[in-house]
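1. model the following, please.
(one chain, ligands or ions: 1)
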Amino acid sequence: MENKRCFANRFADYKGALCTGQNNDSIVRTVKATIEKILKKVPTDLKDCDGGLYDGPAGVAYMLYHVSECPWFAQQRDVYLKTAKQIIDVSVRYVDGEQEENMRAAFLLGGAGIYATAAMVYKALGLSDFVKPLTKFRNLWEVCAPMNFLECGSDELFVGRSGYLCAVLVLRQKLEIEILSPDQIKAICQAIIASGKQYARKKRTAFPLMYSYYGTEYLGAAHGLSSILQMLLSYQELLSSAEKELMWGSVDFLMNQEQNCNWPAELGAVIDRENELVHWCHGAPGVAYLFAKAYLVNKKPQYLDTCIRSGELVWQKGLLKKGPGICHGVAGSAYVFLLLYRLTGNSKYIYRAQRFAEFLFTDEFKAGSSSVNSVYSLFEGLSGTVCFLVDLLQPDKSEFPLFTVFV
Ligand SMILES: [Zn+2]
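-> Numbering: from 1, shown residues only. Prediction:
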């Protein structure tokens, strides 16, 4: 029976040679052509800036910044960065006018991500002005430090304080300066831990830390436990030994929720094999980053094995029908292979990423994919695809956009 969620993967698996059809020059040409297509569609009006990095124009600015950092596009660098500045300046004006202060602290859906991207673009252009958006970003610390600053759930990645910590990680990596003091970061980590302990106790759950978002106990990267724990791991050197114990206990708890190489979208759900979600947002392709980080921190082979199993599921079921993006699309699946390449050095994963890249431009994919809301966007549309293709040119530096485990 045909799977509703994914295309059948008819590619032969790796037999020792990479794909010859996809040389770097053809990827470079595809990237440039796709960027042209995106720039024709991205809105430039102040009223169209909703959606932040996730599916607003700001995500396009980030993509252009990312491409401009790649040596293959040295000749386009200046044009791409100046275009990125035009786009992000409108988004900054939009978020400066945002009435609701709490949404301003949101990473993927709000102001924190926009200010962070503005700082990166300005810095890349050599403008000392980068301090302005950076200062606005730093000031959001006060907004997201209080334990219950958001009613819907204060801890997850898109609008909560894990997202804010994730942005700090990206900024520190790209700007090469300290963004917050260790005490400030520690205070946010402690709020995450206190909040997770309180929730777990209130719900009398068996596990040490748990969270909900709009009432749902998500496990995946989008709003769930895995990306929250990933951020704690990213700053684990700042935690006390008791806090670390809670964190590792929770990592192992989540590891034990695996059902045949995948994780249900929410705690306690049973995965239906015919209809399972194999997305970055919900499922193994996003949870894999937590176990990658866990492996990088303590080198326990079981964490790497968990990532490898996730990759096998993605090879089978990752040719998704929900578009070309990174959230629940083919590029998001392919990023798992680039992650596994960086963890293992095994060329099999480059080959698999190449095959998924190839599939993105087939008639079968174009005819069988559902349409996405904003075709230019970073998480659902073509900007995420462009980031993936650029990373395929430099797999040793590849990272899922704005979600690094290697720093
Ligand atoms: Zn998604």
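2. where does pLDDT dip in the chain?
-> Counting by pLDDT under 70, the low-confidence segments of the chain come to 1.
3. again, only using 80
-> Regions of the chain meeting the criterion pLDDT under 80 cover residues 1-2, 21-22, 206.
4. what residues does it have near the ion?
-> Contacts of the chain with the ion, taken as C-beta under 5 Å from the ion, map to 281, 327, 328. For every residue, glycine as well, the C-beta is placed using N, CA and C.
5. can I get the buried part of the residues you listed as one ChimeraX selection?
-> For anyone working in ChimeraX, the buried entries among the residues of the chain next to the ion, judged by 16 or more other C-beta atoms under 10 Å, can be selected with:
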select :281,327,328
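6. can you put the residues of the chain next to the ion in CSV and add secondary structure?
-> Written out in CSV, the entries for those read as follows (DSSP: H, G, I helix; E, B strand; the rest coil):
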residue, secondary structure
281, coil
327, coil
328, coil
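7. quick check on residue 266: phi, psi?
-> Backbone torsions of residue 266, given as degrees, to the nearest 10, read phi -130, psi 160.
8. residues contacting the residue of the stretch 51-200 of the chain found nearest the ion?
-> The shortest separation between the stretch 51-200 of the chain and the ion is 9.4 Å, found at residue 54 (distances taken as C-beta to the ion). With contacts defined as C-beta atoms under 8 Å, 6 or more residues apart in numbering, residue 54 is in contact with 108, 109, 158, 327, 377, 378, 379, 380.
9. which SSE is it in?
-> In the assignment (DSSP states H and E), residue 54 maps to helix 52-55.
10. how about the helices of the stretch 1-150 of the chain, start to end?
-> 24-41, 52-55, 57-68, 77-96, 101-104, 111-124, 131-139, 141-144 (DSSP state H, counting those that start in this stretch).
11. residues contacting the residue in the stretch 101-250 of the chain positioned nearest to the ion?
-> Here the stretch 101-250 of the chain gets closest to the ion at one residue, residue 222, 5.9 Å apart by C-beta to the ion. Under the criterion of C-beta under 8 Å, 6+ apart, the contact list for residue 222 reads 156, 157, 158, 280, 281, 282, 286, 327.
12. how about those in a markdown table, adding secondary structure and distance to residue 234?
-> What follows is the contacts of residue 222, written out as a markdown table (DSSP: H, G, I helix; E, B strand; the rest coil; distance: C-beta to C-beta, whole Å):
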| residue | secondary structure | distance to residue 234 |
| --- | --- | --- |
| 156 | coil | 15 |
| 157 | coil | 12 |
| 158 | coil | 17 |
| 280 | coil | 18 |
| 281 | coil | 19 |
| 282 | coil | 21 |
| 286 | helix | 15 |
| 327 | coil | 21 |
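13. which one of these is nearest residue 123?
-> residue 157 (23.8 Å; C-beta to C-beta).
14. look at the closest one and say how many residues are nearby.
-> Taking other C-beta atoms under 10 Å as the neighbour definition, residue 157 ends up with a count of 31.
15. which ones are touching it?
-> Contact partners of residue 157, counting by C-beta under 8 Å, 6+ apart, are 107, 108, 163, 166, 221, 222, 223, 227, 228, 231.
16. restricted to strands, list those.
-> When DSSP state E is applied, these are split such that none fall in strands.
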